[in-house]
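# From the sequence below, what's the structure:
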Amino acid sequence: MKIAFIVGTFPALSVSFIINQIKGLIDGGHEVDIYALDGPPEDTSKVHPIVEEYHLLERTYYPPTRPENVLLRRLKTVGLLLTNLPKNPWVLLPLLNREQFGKEARQQILFYRSMPFLRRESYDIIHCQFGLFGIIGLALRQIGLIEGKLITGFRGYDISRYLKKRGDRVYDELFQKGDFFIANCEFFRQRAIKLGCDPEKIVVLGSGIDCSKFAFTPRHFPEDGKVKIATTGRLVEKKGIEYGIRAIASLQDTYPHLEYNIIGDGPLRKNFEKLIAELNVGHIVKLVGWKQQEELIEILDNSHILIAPSVTAADGNQDAPVNTLKEAMAMGLPVIGTLHGGIPELIEDGISGFLVPEKDSEAIADKVRHLIEHPEIWSDIGASGRKKVEQTYDMYQLNQQLLDIYHQQLSNIPTYPKEVNNPATSVNSLSIS
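Modelled structure (predicted):
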């Protein structure tokens, strides 16, 4: 098969789920092109090892940079138009149609994002990662810049924050004209159905991890008494990291030998640095920045507990079962998550980890305290977590299910959700920003 992936920023460390899918498809002998419509990440010093091993940058196409300055943008738009108009005059001009594409045409967003597609490639499958790229993929297909079965995946902000920004009708045309849809958890599948997606055209397919890369180690209380706790994720409101910091700060007098490592970076870094200073926990809480997968594994391997304190952000953004939680569970760490988004589909409270309410630092602290006082339960919780991840989120099984979905769409065979509450058995007007 020939497959196009339409994505945002690539190859960011935060899109390992996309990289894993691409790896599986290439290993299966399929041809994959990647269209990264938001360009490369600002920091390219750390990339997923698969990107280099599989030479994924050679398969990646980027749009030209769009100037912020209005005058420069207009001048560049005219230059691109004059250069490319002879190739596709009947395709390029509609992209600037204000009536059809509204604000996006005025700002030439879609025009710039269309540039990599002037190759006029035909694909078996056009896989749009995130709903807003499904909208773009549909527009590009309708004006003839790309051909293929259009499959759109809903993964998080596109089915939460984006709705608050653009309204509940933003996907109406996509639901009507798109060929098929995938949600990465049942929570988001149900939301898509509520918005108008045909239940028979959307299945759950979780984000997988390569369990073989995350060796399981039963956790035991450290001989030196220094309990190491970790959180990993972008430093944004949705990750709830503030509540993890406050929880650990409340425990420092009782357990002075704690160590809390926060792995990741983002716009709230300075806020967290200030909070850490205000709470006087700089000797305990460390913001260690982004780490490559090998570095992340090393930190988790030397940790005893992982906290994932996700919250619903003020802009409506929500999480699915996040891969960092799966990785920690695969390695045997007892985990603490929140009753948020799709996370309860991953953590069975009291069995494979603990669940607490959102924005409740006291509840997080209580669970950390419980784990410290009862280290005899660590290994059982860790074993249950590993089993859950192996059964439900194994990358190789999920990649095969993705291929099954592709083949069914190409064969025009209906794909119906099966046991959609368990992702392991599930095969289960334009607004662009």
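# Quick check: which ranges of this protein have low pLDDT?
Scanning the chain for pLDDT under 70 picks out 13, 44-45, 87-108, 413-433.
# ok, now with 50
105, 416-433 (pLDDT under 50).
# How are the strands of it distributed by residue range?
Applying DSSP state E to the chain gives strands spanning 2-7, 31-36, 60-61, 122-129, 147-154, 180-183, 202-204, 228-232, 259-263, 285-289, 305-307, 335-338, 354-356.
# a markdown table please, covering these and showing distance to residue 363.
Every residue, glycine included, has its C-beta placed from N, CA and C. As requested, the strands of the chain are exported to a markdown table (distance: least, C-beta to C-beta, whole Å):
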| stretch | distance to residue 363 |
| --- | --- |
| strand 2-7 | 36 |
| strand 31-36 | 39 |
| strand 60-61 | 43 |
| strand 122-129 | 33 |
| strand 147-154 | 29 |
| strand 180-183 | 28 |
| strand 202-204 | 28 |
| strand 228-232 | 15 |
| strand 259-263 | 17 |
| strand 285-289 | 19 |
| strand 305-307 | 11 |
| strand 335-338 | 9 |
| strand 354-356 | 4 |
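# could you dump those to CSV with mean neighbour count and distance to residue 216?
Formatted as CSV, the strands of the chain follow (neighbours: other C-beta atoms under 10 Å; distance: least, C-beta to C-beta, whole Å):
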stretch, mean neighbour count, distance to residue 216
strand 2-7, 22, 31
strand 31-36, 21, 31
strand 60-61, 18, 34
strand 122-129, 23, 29
strand 147-154, 24, 29
strand 180-183, 26, 28
strand 202-204, 26, 25
strand 228-232, 24, 16
strand 259-263, 22, 20
strand 285-289, 17, 23
strand 305-307, 26, 14
strand 335-338, 27, 14
strand 354-356, 22, 19
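# I'd like to know which of the ones you listed is closest to residue 15.
For residue 15, the closest of the strands of the chain is strand 2-7, at 6.8 Å, according to C-beta to C-beta.
# could you check the angle strand 31-36 makes with that closest one?
Calculated by axes from the mean of the first three to the mean of the last three C-alpha atoms, to 10 degrees, strand 2-7 forms an angle of 20 degrees with strand 31-36.
# Could you spell out the sheet neighbours of strand 2-7, each with its direction?
Pairing partners of strand 2-7, with direction, according to DSSP bridges: strand 31-36 (parallel), strand 122-129 (parallel).
# Which residues does it contact?
Applying C-beta atoms under 8 Å, 6 or more residues apart in numbering, the contact partners of strand 2-7 are 15, 18, 21-22, 25, 30-37, 121-130, 133, 136-137, 146, 148, 406.
# give me that answer again for 7 Å
15, 18, 22, 25, 30-37, 121, 123-129, 133, 136-137, 146, 148 (C-beta atoms under 7 Å, 6 or more residues apart in numbering).
# Turn the strands paired with strand 2-7 into TSV, including distance to residue 340.
Shown next, in TSV, are the strands paired with strand 2-7 (distance: least, C-beta to C-beta, whole Å):
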stretch	distance to residue 340
strand 31-36	29
strand 122-129	22
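# These: which one's closest to residue 172?
strand 122-129 (16.2 Å).
# tell me how far that closest one is from the chain's mean position?
Offset of strand 122-129 from its chain centre (C-alpha atoms, centre = their mean, to the nearest Å): 19 Å.
# And stretch 8-16, by the same measure?
The answer for stretch 8-16 is 8 Å, by C-alpha atoms, centre = their mean.
# Alpha carbons only: can I get it in PDB?
C-alpha atoms of stretch 8-16 as PDB (Å, rounded to 0.1, in the frame of the first residue of the first chain):
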ATOM      1  CA  GLY A   8       1.400  18.600  12.500                       C
ATOM      2  CA  THR A   9       4.900  19.000  13.900                       C
ATOM      3  CA  PHE A  10       7.300  16.200  12.900                       C
ATOM      4  CA  PRO A  11       9.500  14.600  14.200                       C
ATOM      5  CA  ALA A  12       8.700  15.800  17.700                       C
ATOM      6  CA  LEU A  13       9.400  13.500  20.700                       C
ATOM      7  CA  SER A  14       5.800  13.900  21.700                       C
ATOM      8  CA  VAL A  15       4.500  12.100  18.600                       C
ATOM      9  CA  SER A  16       6.100   8.700  19.300                       C
END
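# Which residues does it contact?
So stretch 8-16 is contacted by 7, 19, 34, 36-41, 46-48, 51, 56, 60, 130, 133, 234, 290, 323 (C-beta under 7 Å, 6+ apart).
# now, which of those residues lie within helices?
Using DSSP state H, the subset of the contacts of stretch 8-16 located in helices is 19, 51, 133, 323.
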